[in-house]
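Asker: I need the structure of the sequence given here:
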Amino acid sequence: MGFFDFLNDDGANQKENRKQVREVDRVTDTEFAEESAHLDLREEELDIHKNRVETGDVVLHKDIIEEEQVVNVPVSHDQVVIERRAVANEPSSEPISEEETVHIPVTAETIDVDKHTVVTGEISAHKRSVQETEQVRDVLHKEVADVEVHGDTDIINKE
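Answerer: All right, here's what the predicted structure looks like:
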């Protein structure tokens, strides 16, 4: 028996031991390869979709309210002041005649109130998009390689 025969024979024993250990430890699909083998490693990723939903609305309309307003407006009017005074019986050359009339017009300011409409302001509304960040949490599963080494085995990991 040569040196390589010893290694090959020992390798067969190791493969048998490894198979027995795996059968005891866990139930898996085990593939024994002579030269090479591979496993596909998988992991989950999040698929995030956004949907626009209506969360409310805004309605603009006008209401009419009544408000009583009191304004002080200065106005003027005429007054007639009658003054009498005694005169010391002075002689007059004018005879007493029939009626004598003096006409004095009297005036006053009056107030006329009308109403008119004016624009005092405006209201407008528009939407804007506001960017926020929401945190999403979920548990993802991922397959990772588990390399078990039994006995005196030389492993080189390349990534």
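
Asker: every contact and neighbour count from this point should use C-alpha atoms.
Answerer: Fine.

Asker: got a list of what the residue lying closest to Leu41 once chain neighbours are set aside touches?
Answerer: Distances taken as CA to CA, 6 or more residues apart in numbering place Glu143 nearest to Leu41, at 5.1 Å, with adjacent residues excluded. Contact partners of Glu143, counting by CA atoms under 8 Å, 6 or more residues apart in numbering, are 41-43.

Asker: just give me the closest of the residues you listed to Gln131.
Answerer: Glu43 (30.1 Å; CA to CA).

Asker: and the closest residue in space to that closest one that isn't next to it in sequence, how far from Asp114?
Answerer: Once flanking residues are discounted, Glu43 sits nearest to Lys142: 3.7 Å by CA to CA, 6+ apart. Distance, Lys142 to Asp114, using CA to CA, to the nearest Å: 83 Å.

Asker: same question, Glu159
Answerer: 92 Å.

Asker: then Ser129?
Answerer: For Ser129, the distance to Asp114 equals 47 Å [CA to CA].

Asker: do the same with Asp63
Answerer: 22 Å.

Asker: and His103, by the same measure?
Answerer: Applying CA to CA to His103 and Asp114 gives a distance of 34 Å.

Asker: one step back: quick one: which of Lys142 and Asp114 has more around it?
Answerer: Taking other CA atoms under 10 Å, Lys142 and Asp114 do not tie; Lys142 has more neighbours (11 against 5).

Asker: check contacts around the more buried one.
Answerer: Neighbours of Lys142 in contact, by CA under 8 Å, 6+ apart: 41-44.
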